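Q: can you look at this prediction? I've put the sequence above it.
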Amino acid sequence: MIYRKLYMDKIKPFIDTPFVKILTGVRRCGKSTLFAMLQEELKVRGVLPEQILSYRFDSLRYEDMDTASKLYKEVGSRLMDGRRTYLFLDEVQEVKDWEKAVNSFMNDFNVDIYVTGSNSSMMSSEISTYLTGRYVSFRVYPLSFAEYLTFRESYTTPGDRYTEFKRYLRMGGFPALQLQEFACEEAYTVVKDIYHSTIFTDIVKRNQIRKVDQLERVVKYTFSNVGQTFSATSLSKYLKSQNRQMDPETVYSYLNKLENAYILHRCSRYDIKGKEILKTQEKFYLADPAFRFSVLGYDEDAVASMLENLVYLELRRRGYEVYVGKLDNVEVDFVAARADEKLYIQISQRIERRETAQREYGNLLSITDNYPKYVLRTDEFAGGNYEGIKTMHVADFLLSEGY
């Protein structure tokens, strides 16, 4: 079990505090393993094993514990007298009205509660009603490139960082795929299973969707257009041109459901001059590049967009709000903001022509403030700065400790 320091450092300060700790993220990104790490941390602190109750609701073992009242009765019967109980509820969204049970636990018992979920509907208005001001949430992502290298060094014989970066780009960061040396097709079989279980459990079944073929068309379009601006209306028009009728509201609803299941991340545009978030022509990125390649097949033409995808995810892991920058008629790939920090980033797979260099660097030079600016690429280049713009290999940027 590889220690995931990024998340543990965020969660540990809240142990034994009167807040429900909620871990959310796409299926198989490592939430359950973080639960195991937290339980080991508790034992190091002197908590007895019998003080820890753990339930995993995507297991048939707890299939009958599907309502708040049944959960409350089960947990209440197992609490230790005179000692705090540490309660771990994994994939808790499978329990109807789970937030009512959690609220009752906090009111009635001496407990410290941790929950995970793979659908953001668990952060809905019901939680706001029952747990207002009584929870903290942590977003968990598949492995970062740094974590990926740690896994590879522990379980396999890795190549150099740039060789491994190429593999990471193709195979993604789902932890289970790094425990041994999988071929791409073997890895994609696993990722397809994650994809299908998410689509049919967290989207189709939960939302009682009947026209699954419509949902799959929206998925294929968004997967094919990662890093491209579009709207529900433009997607609807595209489908109409393919003799597939789907109104914009239906498209928008499917996009929201894919977001709620953490398959997609919405990236809004930001007007750099006007300093405002724009509400049209957003971009979407995937929870992991392996989703794209496992569902649509590997395609060299998709590499550039997947590079953007990796950088987007890394910025989100590090707590940045990430936007597509708009500056008059030009676009900046990412504007990343965190507290009083800001970064501007352009990403290019390779820069072989003068016109490409002028575009990538020129867009950033058009920004007149003094925040850091980066051009990230994967070809061979002379490093260093160009008029204050730092050039880096994407792999080196992902491994940088500070920007």
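A: Yep, that arrived.
Q: average pLDDT across stretch 357-364?
A: The predicted model assigns stretch 357-364 a mean pLDDT of 84.
Q: and the contacts of that stretch?
A: Contact partners of stretch 357-364, identified using C-beta atoms under 8 Å, 6 or more residues apart in numbering, comprise 327, 330-332, 344, 346, 348, 351, 373, 375, 386-387, 389. Every C-beta, even on glycine, is put in place using the N, C-alpha and C of the backbone.
Q: go again with 10 Å.
A: Residues outside stretch 357-364 that contact it (C-beta atoms under 10 Å, 6 or more residues apart in numbering) are 325, 327, 330-333, 344-348, 351, 353, 355, 365, 373-377, 381, 386-389, 391.
Q: Phe88 belongs to a strand?
A: Yes: applying DSSP: H, G, I helix; E, B strand; the rest coil, one finds Phe88 inside a strand.
Q: quick one: pLDDT of it?
A: On the pLDDT scale, Phe88 gets 98.
Q: now do the same contact list for it.
A: Residues near Phe88 by C-beta under 10 Å, 6+ apart: 21, 32, 35-36, 38-39, 42, 52-56, 112-116.
Q: now stretch 79-89, how far from the centre of its chain.
A: When distances are taken as C-alpha atoms, centre = their mean, to the nearest Å, stretch 79-89 is centred 31 Å away from the chain's centroid.
Q: buried residues in it?
A: Across stretch 79-89, burial judged by 16 or more other C-beta atoms under 10 Å covers 79, 85-89.
Q: just stretch 213-232 next, same as before
A: Within stretch 213-232, the residues scored as buried using 16+ other C-beta under 10 Å are 214-215, 217-219, 221-223, 225-227, 229-232.
Q: low pLDDT regions in the stretch 1-150 of the chain?
A: Applying pLDDT under 70 to the stretch 1-150 of the chain flags the ranges 121-126, 128.
Q: which residues in it form helices?
A: Per DSSP state H, counting those that start in this stretch, the stretch 1-150 of the chain carries helices over the ranges 5-11, 31-44, 68-76, 98-108, 125-131, 145-155.
Q: so which of those gets nearest Ser268?
A: Proximity to Ser268 (C-beta to C-beta) singles out helix 125-131 among the helices of the stretch 1-150 of the chain, at 22.4 Å.
Q: which strand runs longest in the protein?
A: Longest strand of the chain, by residue count under DSSP state E: strand 276-286.
Q: continuing past that strand, what's the next helix or strand?
A: Helices and strands here follow DSSP states H and E; after strand 276-286, the next one along the chain is helix 289-296.
Q: and that next one, how far out from the chain middle?
A: That offset, for helix 289-296, works out to 15 Å (C-alpha atoms, centre = their mean).
Q: quick one: work out the angle between it and strand 276-286.
A: 60 degrees (axes from the mean of the first three to the mean of the last three C-alpha atoms, to 10 degrees).
Q: just the CA coordinates for whatever helix or strand comes next after helix 289-296, please, in CSV.
A: Of the helices and strands lying after helix 289-296 in sequence (DSSP H and E), the nearest is helix 303-317. Taking C-alpha atoms only, helix 303-317 is exported to CSV below (Å, rounded to 0.1, in the frame of the first residue of the first chain):
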residue,chain,number,x,y,z
VAL,A,303,-2.2,13.1,-27.7
ALA,A,304,-2.2,16.9,-27.7
SER,A,305,-5.6,17.1,-26.0
MET,A,306,-4.5,14.5,-23.4
LEU,A,307,-1.5,16.5,-22.6
GLU,A,308,-3.8,19.4,-21.7
ASN,A,309,-5.9,16.9,-19.7
LEU,A,310,-3.0,15.9,-17.6
VAL,A,311,-2.0,19.4,-16.8
TYR,A,312,-5.6,20.4,-16.0
LEU,A,313,-5.8,17.5,-13.5
GLU,A,314,-2.5,18.3,-11.9
LEU,A,315,-3.5,21.9,-11.3
ARG,A,316,-6.8,20.8,-9.8
ARG,A,317,-5.0,18.4,-7.5
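Q: quick revisit: got the CA positions of the longest strand of the chain in PDB?
A: This file holds the C-alpha atoms of strand 276-286, laid out as PDB (Å, rounded to 0.1, in the frame of the first residue of the first chain):
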ATOM      1  CA  GLU A 276     -14.900  37.600 -15.300                       C
ATOM      2  CA  ILE A 277     -16.000  34.000 -15.900                       C
ATOM      3  CA  LEU A 278     -17.800  33.500 -19.200                       C
ATOM      4  CA  LYS A 279     -20.800  31.300 -19.300                       C
ATOM      5  CA  THR A 280     -20.600  30.000 -22.900                       C
ATOM      6  CA  GLN A 281     -18.400  27.700 -24.900                       C
ATOM      7  CA  GLU A 282     -16.800  25.700 -22.100                       C
ATOM      8  CA  LYS A 283     -14.300  22.900 -22.400                       C
ATOM      9  CA  PHE A 284     -14.500  19.400 -20.800                       C
ATOM     10  CA  TYR A 285     -11.600  17.200 -19.500                       C
ATOM     11  CA  LEU A 286     -11.700  13.600 -18.500                       C
END
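Q: what's the average pLDDT for it?
A: Averaging pLDDT along strand 276-286 gives 93.
Q: and the angle for it with helix 303-317?
A: Using the same axes, to 10 degrees: strand 276-286 against helix 303-317 is 110 degrees.
Q: counting by contacts, list what strand 276-286 packs against.
A: helix 212-224, helix 232-241, helix 248-260, strand 264-271, helix 289-296, helix 303-317, strand 321-327, strand 330-338 (3 or more C-beta pairs under 10 Å, 6 or more residues apart in numbering; DSSP states H and E).
Q: please spell out which residues along it are buried.
A: For strand 276-286, the buried set under the neighbour-count rule, 16+ other C-beta under 10 Å, comprises 282-286.
Q: same thing with stretch 365-381?
A: The neighbour-count check on stretch 365-381 (16+ other C-beta under 10 Å) flags 367, 373-378 as buried.
Q: again, but for stretch 241-248
A: Buried residues in stretch 241-248, counting neighbours by 16+ other C-beta under 10 Å, are found at Met246.
Q: can you check stretch 7-20 too?
A: In terms of neighbour count (16+ other C-beta under 10 Å), stretch 7-20 has its buried residues at 7, 11, 14, 19-20.
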